[in-house]
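Fold the stuff below for me.
(one chain, ligands or ions: 1)
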Amino acid sequence: MHQVKARGRFITLEGGEGAGKSTNLEYIQRRLQKAGVVLHVSREPGGTPLGEKVREVLLNPDHAGMSSDAELLLMFAARAQHLHQVILPDLDKGSWVLCDRFTDATYAYQGGGRGIDSKRIRVLEDWVQEGFQPDMTLLFDLPVELGMKRAGKRGALDRFEQEQEIFFEQVREAYLERARQDPERFRIIDAGQELAEVQQQLDDVIEELITSSRGPSSRGQSIFKGSEYLKF
Ligand code: T5A
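The predicted structure is shown next:
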């Protein structure tokens, strides 16, 4: 008998600069794989050869004069390719996708930071995602000053990291507002703590994910078939 594979989970990691997403992504990956989860790790902007090229353009400090709208459209161009080539086919095959940033970053950086009206962002989100959303989003939250200090230790700053503190305060507030609006999807991690304590918080979330993986996808997401999204 042909068995239909359950759709994988789409988990996103979000937060301001230096919040510890990359560090903890590896930790979450190890824990989930140990529990037997088949997992693809990706990032935005990026995640495909085309998306990685767009990422280079977006982060390059030489493009200091890029308009906010150009920045927004490039983010969604990379995302459209990522969804089409990687995220949706992987989820369809039953693999989980763990992604360092997704559309909440657009609402936080291009919306909160650059001041683009969220209604305009929503138009692109609806167009590119057609209702598709992460199953769970971990928001690594910490004071801006601390995040910038951590990120600054790595050397050369990219185009976003060269922004002023006020920009990152607006990013942080926009993220927290997103989390307030969708408490079912978001888990807020206090990322200002020592790494061991951050990972203790993550253990609870990972446990929740593993337990929930034994049931159907919580958010009734769409899956990708050919050139269409099929809702279930
Ligand atoms: N962007 C992205 C948008 O504007 N719109 C969008 O739609 C999207 C998708 C690239 C940029 O693109 C923007 C946002 C970004 O500016 P990115 O690659 O995720 O996105 O870039 P960053 O946020 O710059 O990633 P960072 O590497 O700065 O942050 P992380 O990954 O959160 O931090 P991490 O893990 O590298 O840690 C930073 C340092 O802190 C230490 C680590 O060892 C590391 O040295 N650290 C800790 N130290 C002490 N205690 C802890 N608990 C620590 N956790 C980590």
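
and residue 24, how many neighbours does it have?
22 (other C-beta atoms under 10 Å). C-beta here means a position set from N, CA and C on the backbone, and glycine is covered the same way.

residues contacting the closest residue to residue 35 other than its chain neighbours?
Counting by C-beta to C-beta, 6 or more residues apart in numbering, the nearest residue to residue 35 once its immediate chain neighbours are dropped is residue 210, at 4.9 Å. Contacts for residue 210 (C-beta atoms under 8 Å, 6 or more residues apart in numbering) come out as 32, 35, 37.

So which of those residues sit within helices?
residue 32 (DSSP state H).

any idea which of the contacts of residue 210 is closest to residue 106?
Closest approach to residue 106 among those (C-beta to C-beta): residue 32, at 25.4 Å.

Can you show me the helices along this structure?
Under DSSP H, the chain gives helices at 21-34, 49-59, 68-82, 88-92, 103-105, 118-129, 144-152, 165-181, 195-212.

Determine the angle, from 0 to 180 degrees, between the longest one and helix 21-34.
Pointing back at helix 195-212 there. Angle between the axes of helix 195-212 and helix 21-34 is 40 degrees (criterion: axes from the mean of the first three to the mean of the last three C-alpha atoms, to 10 degrees).

Show me what counts as buried in helix 195-212.
Using 16 or more other C-beta atoms under 10 Å as the test for burial, helix 195-212 gives 198, 199, 201, 202, 205, 206, 209.

can you count the residues close to residue 157?
15.

mind listing what the residue nearest the centre of the chain touches?
The centroid of the chain falls nearest to residue 101 when counting by C-alpha atoms, centre = their mean (2.3 Å). Counting by C-beta under 8 Å, 6+ apart, residue 101 touches 12, 13, 14, 21, 43, 44, 45.

With pLDDT, distance to residue 81 and neighbour count added, can I get the residues you listed in CSV?
Formatted as CSV, the entries for the contacts of residue 101 read as follows, by pLDDT from 0 to 100; distance: C-beta to C-beta, whole Å; neighbours: other C-beta atoms under 10 Å:
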residue, pLDDT, distance to residue 81, neighbour count
12, 98, 17, 25
13, 98, 20, 26
14, 98, 20, 27
21, 96, 21, 22
43, 98, 13, 19
44, 98, 10, 21
45, 98, 10, 24
